[in-house]
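Chemist: Coordinates only, no sequence provided:
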């Protein structure tokens, strides 16, 4: 089965990290977001991943090639940021009318999704109730069928948000609708929206249904990445023993990381070759090769190869940055 995963976005809400790291490569609970996504898709039978790349796309492709050799990997480049609908449309010829999964590249899912792909509807759209529907595309239902879809509504339409896990049986119809949007320059908020293409499918009497997704995690902002990290770490069972330090689970600590005379956890992820020394770190993500010394950190994101010393605060420090407080 094929899956289209758009990962071309620049991740402006995650700056400064996304100046040097694509959003899909942000680490959560020990692995990049794209790794969590593929770990969900492969058991569903996905054997071909179509990645729509852009900003720093080679970093994503290299990770997938090196860690998921069982997947046939195909990449398409979105040279201009014209929206999610445009990104998906670029994969039209690769899908060739076959059923396809379309999965957003900045979200993590957990659950039993076999029913999602064993449906007779033309499209099955993953949804979940949210408190603030204005941040999402939303759907209105009539029975089991979706009758209306609106992208980021300014007034209340529904609290059922489209979460970014979609199975399309009638992919030819979807691409026809996307082509109509693009050829007619029909945009919403300045971009070609996948939500609008789903609405055209509904208007053409296609059967579009909703699939409830309970465990869905948006990784588009620092606070949601930390929230996702907390949830995923709760499911971990191993607690490393490190002499001379105190480890409060749940945590993820890479085997190549160095923890020296520190208190780590709960809810901390520490990547490969990072060093934490004489510090207390809680509810934070420490990137690869980062160095944290004499710090009290909570609710922090420390990028790869960053260095921080002598700080007692909540810090959002990008890759290759340095802070020293005397």
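Modeler: Arrived safely. If you're wondering where the values come from, they're calculated on a predicted model, not measured in any experiment.
Chemist: From residue 28, how far off is residue 302?
Modeler: As for residue 302, its distance to residue 28 is 14 Å (criterion: CB to CB, to the nearest Å). In this view, the C-beta of every residue, glycine as well, is placed from N, C-alpha and C.
Chemist: scratch that, residue 211
Modeler: From residue 211 over to residue 28 the distance is 23 Å, taken as CB to CB.
Chemist: Those two: who's more crowded?
Modeler: When residue 211 and residue 28 are compared for neighbours, residue 28 comes out ahead with 25 against 19, by other CB atoms under 10 Å.
Chemist: and the more buried one, what is it in contact with?
Modeler: Taking CB atoms under 8 Å, 6 or more residues apart in numbering as the definition of contact, the neighbours of residue 28 are 36, 108, 219, 225, 228-229, 232, 269, 285.
Chemist: Redo those as a markdown table? Include secondary structure and distance to residue 254.
Modeler: A markdown table is the format used below for the contacts of residue 28 (DSSP: H, G, I helix; E, B strand; the rest coil; distance: CB to CB, whole Å):
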| residue | secondary structure | distance to residue 254 |
| --- | --- | --- |
| 36 | helix | 16 |
| 108 | strand | 19 |
| 219 | coil | 20 |
| 225 | helix | 18 |
| 228 | helix | 18 |
| 229 | helix | 14 |
| 232 | helix | 15 |
| 269 | strand | 9 |
| 285 | strand | 12 |
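Chemist: how about the residues you listed in TSV, adding distance to residue 117 and pLDDT?
Modeler: Shown next, in TSV, are the contacts of residue 28 (distance: CB to CB, whole Å; pLDDT from 0 to 100):
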residue	distance to residue 117	pLDDT
36	19	92
108	18	90
219	23	82
225	28	92
228	24	92
229	28	94
232	23	92
269	31	96
285	32	96
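Chemist: Return the member of those residues nearest to residue 43.
Modeler: Closest approach to residue 43 among the contacts of residue 28 (CB to CB): residue 36, at 12.7 Å.
Chemist: And for that closest one, nearest residue in space, chain neighbours not counted?
Modeler: Once flanking residues are discounted, residue 36 sits nearest to residue 108: 4.6 Å by CB to CB, 6 or more residues apart in numbering.
Chemist: Would you check that the one you found makes contact with residue 39?
Modeler: No: with contact taken as CB atoms under 8 Å, residue 108 and residue 39 are classed as non-touching, separated by 9.4 Å.
Chemist: hey, where'd the helices end up in the stretch 151-300 of the chain?
Modeler: Along the stretch 151-300 of the chain, the segments classed as helices by DSSP state H, counting those that start in this stretch run 171-183, 194-203, 222-234.
Chemist: Can you list the neighbours in contact with the last one?
Modeler: Under the contact criterion CB under 8 Å, 6+ apart, helix 222-234 has outside partners 13-14, 26, 28-29, 36, 108, 215, 217-219, 250-252, 266-269, 283-285, 299, 301, 316.
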